[in-house]
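From the sequence below, what's the structure:
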Amino acid sequence: MKCNICLNKEADKKGSHIVPAFILKTLFERNKEFVVSIGSEAVQNHIGRELTPEQIEEYMGRELTDEEIEQNYIPFIEDNIFCSDCEKRLGHLESLYADKIHKKLSVLECDKDDVISFENEIGLISLFWYSVILRFSIAQHNKFNLKEKEYRAIRNYLNNNLKDTTQELKSHVEKDISFNCPYPIGIFFNSNAVKKLSSNSVLDIPKYKNPYFLLFNEYIIIFYNKATQVNGMKHSFFGLEKSFEATKNINYNKQKECQICVVRNDVWEEVKTNIFELFAKFKHREFVDMFRFVAEHSKLSFTRENIVNFVNRILYEDTHIADRYDRIRVLTILAEELNKLPKIK
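Predicted structure coming up:
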């Protein structure tokens, strides 16, 4: 398999980070994490390698099964997606962004809305976020995918602008692409390092394609493929509108300054709540569609009440949160509820 950036060398690198480690630092402690990811069929648990059996039981309310131990992995780290050279080039970019941008943001209290302008840094900042978006798009653990044309454009841009040394990259982003931002991007931030008000997440919003709406722990990224799309239609951004008119804070090509919006704590919490409520609706709809599909395929007679009973059992029957949406549990409840239904005569 060829590298997803250069397309020339073999993708031989092990343990590539889909999301840079410094962005996830406040989400969990490395190798001691307990991560819940929202998949297409169920919610999966991922347990860090250094968690003790006692800690796992505290999180899950039980011991791991042999199957869970065998299949366990931590998302955001994947093998054989880049060659070693491109991995190093990405590392130089991450280090430069972390040192020049993220360090300044991570100490903020976020007790008020603010816009921080980074002069002559739009090339560095946009290049970094394009790299994260591309990696997130090729990751196997989530459903987010750039369109093929978008992927090719961003891959080409990365391949042309990543450099072999930190010094080369520093010079390149300061002189050659200091005002480059070919794909419009909005960057919104709330620090989880100072007070740790609540745990954050990494996810994309399904069906948001124009623009894409992505949450990377302390960052929300709004990403457009074309500048003409920014004001082409009105968008809802889950409550960010209380702090900013989001489309006015989108960074474009040839701007001298790059704006990063600092979102105050109460608005950030409301935005996350609205996002999770949307995901709950998506998950509820999936359960309803699952029940309907199997019942109709099996020619069973059912009512709305049967569907409600099925969903309520998943949501409210006594079980630990770690197992509530487990695939086997959901399918077991489905089978039990379907067995109560008569055949259509």
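
Which parts of the chain belong to which domain?
83-263, 276-338 (automatic domain parsing).

Most tightly packed of those domains?
Across the domains of the chain, averaging neighbours per residue (mean count of other C-beta atoms under 10 Å) puts domain 83-263 on top, at a mean of 17. All C-beta spots, glycine's among them, are computed from the backbone N, C-alpha and C.

For this protein, which segments are assigned as helices?
Residue ranges of the helices in the chain, as given by DSSP state H, are 21-24, 53-60, 66-71, 84-97, 103-106, 122-138, 148-161, 166-171, 265-297, 304-316, 327-338.

Could you give the average pLDDT over the third one?
When you say that, I think you mean helix 66-71. The pLDDT scores in helix 66-71 average 50.

Quick one, grab the pLDDT at the nearest residue to residue 205 once chain neighbours are set aside.
In space, and not counting its chain neighbours, residue 205 is closest to residue 213: 4.3 Å by C-beta to C-beta, 6 or more residues apart in numbering. On pLDDT, residue 213 comes in at 92.

Just grab the bridge partners of residue 213 for me.
For residue 213, the beta-bridge partners are residue 222 (DSSP bridges).

Tell me which residues touch it, please.
Neighbour list for residue 213: 204-205, 220-222, 237-238 [criterion: C-beta atoms under 8 Å, 6 or more residues apart in numbering].

Can you tell me how far the spatially most central residue of the chain is from residue 244?
Geometric centre of the chain, nearest residue: residue 203, 2.7 Å, by C-alpha atoms, centre = their mean. Going from residue 203 to residue 244 by C-beta to C-beta, to the nearest Å gives 21 Å.

One more: residue 307?
For residue 307 relative to residue 244 (C-beta to C-beta), the value is 40 Å.

lowest-confidence helix or strand of this protein?
For the chain, using mean pLDDT, DSSP states H and E, the weakest element among its helices and strands is strand 34-38, scoring a mean of 46.

Tell me which residues touch the residue nearest to residue 174 when sequence neighbours are not counted, please.
In this structure, residue 174 finds its nearest non-sequential neighbour in residue 120, 6.9 Å apart by C-beta to C-beta, 6+ apart. Applying C-beta under 8 Å, 6+ apart to residue 120 gives the contacts 174, 178-179, 256-257.

quick one: least confident of the residues you listed?
Among those, residue 256 carries the weakest pLDDT, at 89.

Was I right to think that one contacts residue 180?
No - contact between residue 256 and residue 180 fails when scored by C-beta atoms under 8 Å: they sit 11.7 Å apart.

who touches both of the two?
Residues touching both residue 256 and residue 180 (C-beta under 8 Å, 6+ apart) are residue 122.

Dump the helices of the chain to TSV, plus distance to residue 4.
Formatted as TSV, the helices of the chain follow (distance: least, C-beta to C-beta, whole Å):
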stretch	distance to residue 4
helix 21-24	19
helix 53-60	33
helix 66-71	25
helix 84-97	8
helix 103-106	28
helix 122-138	6
helix 148-161	7
helix 166-171	19
helix 265-297	28
helix 304-316	37
helix 327-338	29
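
If you average pLDDT over each of those, which is lowest?
The minimum mean pLDDT among these belongs to helix 66-71 (a mean of 50).

For the nearest residue to residue 86 once chain neighbours are set aside, give me the backbone phi and psi.
For residue 86, ignoring the flanking residues on the chain, the nearest one in space by C-beta to C-beta, 6+ apart is residue 5 at 4.3 Å. Main-chain dihedrals, residue 5, degrees, to the nearest 10: phi -110, psi -60.

which residues touch residue 3?
Contacts of residue 3 (C-beta under 8 Å, 6+ apart): 9-11, 81-83, 86.

Most widely separated two among those?
Greatest spacing in the contacts of residue 3, by C-beta to C-beta: 9 and 81 (12.1 Å).

re earlier: just the ones in strands from the contacts of residue 213, please.
204, 220-222 (DSSP state E).

Reformat the residues you listed into CSV and put pLDDT and distance to residue 280 next to each item.
CSV is the format used below for the ones in strands among the contacts of residue 213 (pLDDT from 0 to 100; distance: C-beta to C-beta, whole Å):
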residue, pLDDT, distance to residue 280
204, 79, 16
220, 94, 19
221, 95, 22
222, 94, 22
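
Among those residues, find me the one that's closest to residue 252.
Among those, residue 222 lies closest to residue 252 (C-beta to C-beta), at 12.7 Å.

isn't that closest one right next to residue 186, touching?
Yes - at 3.7 Å, residue 222 counts as touching residue 186 under the criterion of C-beta under 8 Å.

Between those two, which contacts overlap?
Common neighbours of residue 222 and residue 186, counting by C-beta under 8 Å, 6+ apart, are 211, 246, 250.

so who does residue 11 touch?
Taking C-beta under 8 Å, 6+ apart as the criterion, residue 11 is in contact with 1-4, 80-83.

again, 6 Å this time
Under the criterion of C-beta atoms under 6 Å, 6 or more residues apart in numbering, the contact list for residue 11 reads 1, 3, 80-83.

swap in residue 101?
Taking C-beta under 6 Å, 6+ apart, we find residue 101 in contact with no residue.

just to revisit the earlier point, make TSV from the domains of the chain and add distance to residue 269 to it.
Shown next, in TSV, are the domains of the chain (distance: least, C-beta to C-beta, whole Å):
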stretch	distance to residue 269
domain 83-263	7
domain 276-338	11
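
now for those, which one comes closest to residue 25?
Among the domains of the chain, the nearest to residue 25 by C-beta to C-beta is domain 83-263 (7.6 Å).
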